[in-house]
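Student: Here's my sequence, what's the structure:
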Amino acid sequence: MERKIKSTTVLGILKDGRLVIGGDGQVTLGETVLKSNARKIRKIFDGKVLVGFAGATADALTLLEKFEGHLKENNGNLLKAAVDLAKEWRTDKYLRRLEAMMIAGNKEKILILSGTGDVLEPENNIAAIGSGGPYALAAAKAFLIANPSMDPREIVENSLRIAGQICIYTNENIIVEEL
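Tutor: You can find the predicted model right below:
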């Protein structure tokens with residue numbers, strides 16, 4: 001049985017011109033926690049774009065590097081860079097074996113990128129990936145329904161805490177970045 005290193009649970013919200021992406025700190029190898037304070041969120045492209053990743057760590061970092069290259073080639077056009085990365089990811093022999101997902105966004109747009117070639121603009125501008133992603137997404141939607149004026153940073157932090165209490169591959173060592 002092959003055991004892979006995984007980094008999981010990232011949540012992003014674009015609300016009122018503010019992009020907030022947070023991630024837990026847990027990295028696992030199979031059923032073992034290897035690290036509890038990993039940093040899964042990065043500001044790139046001179047701090048104008050936020051990226052969060054889940055999946056195999058080395059794969060995610062490879063994709064992050066490729067994505068930043070596409071941003072530079074496309075003068076910061078987030079959607080064009082994401083589509084170009086998705087095309088490369090799907091067609092390159094090496095890249096298509098990478099197992100990771102990304103959330104990428106700026107103050108205007110938030111996207112989910114996957115290795116199957118998907119570039120998705122999530123409903124309600126809430127994006128979640130990783131094993132704890134569905135729990136964080138559900139919590140974020142519940143917070144927004146209960147209190148539509150709630151601060152997006154507070155929503156991300158609280159939703160990730162809830163995911164950390166439910167998902168065994170997610171912890172409550174949360175790192176949040178904002179644009």
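
Student: residue ranges of the helices in this structure, please?
Tutor: Using DSSP state H, the helices found in the chain span residues 57-73, 78-91, 133-146, 152-166.

Student: right, so these: which one is the most enclosed?
Tutor: When those are scored by mean count of other CB atoms under 10 Å, the highest mean neighbour count falls to helix 152-166 (a mean of 21). For every residue, glycine as well, the C-beta is placed using N, CA and C.

Student: How many residues are close by residue 29?
Tutor: 12 (other CB atoms under 10 Å).

Student: wait, I meant residue 129
Tutor: Neighbours of residue 129 using other CB under 10 Å come to 27.

Student: wait, it sits on residue 10?
Tutor: Yes: applying CB atoms under 8 Å, one finds residue 129 in contact with residue 10, separated by 5.2 Å.

Student: Under the pLDDT cut-off, which ranges of this protein? List them.
Tutor: 1-7, 92-98 (pLDDT under 70).

Student: Take the helices of the chain and lay them out in TSV including distance to residue 108.
Tutor: Formatted as TSV, those follow (distance: least, CB to CB, whole Å):
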stretch	distance to residue 108
helix 57-73	14
helix 78-91	8
helix 133-146	19
helix 152-166	15
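
Student: Of all these, which one comes closest to residue 99?
Tutor: Among the helices of the chain, the nearest to residue 99 by CB to CB is helix 57-73 (5.3 Å).

Student: quick check: angle from the closest one to helix 78-91?
Tutor: Compare the direction of helix 57-73 with that of helix 78-91 by axes from the mean of the first three to the mean of the last three CA atoms, to 10 degrees and you get 130 degrees.
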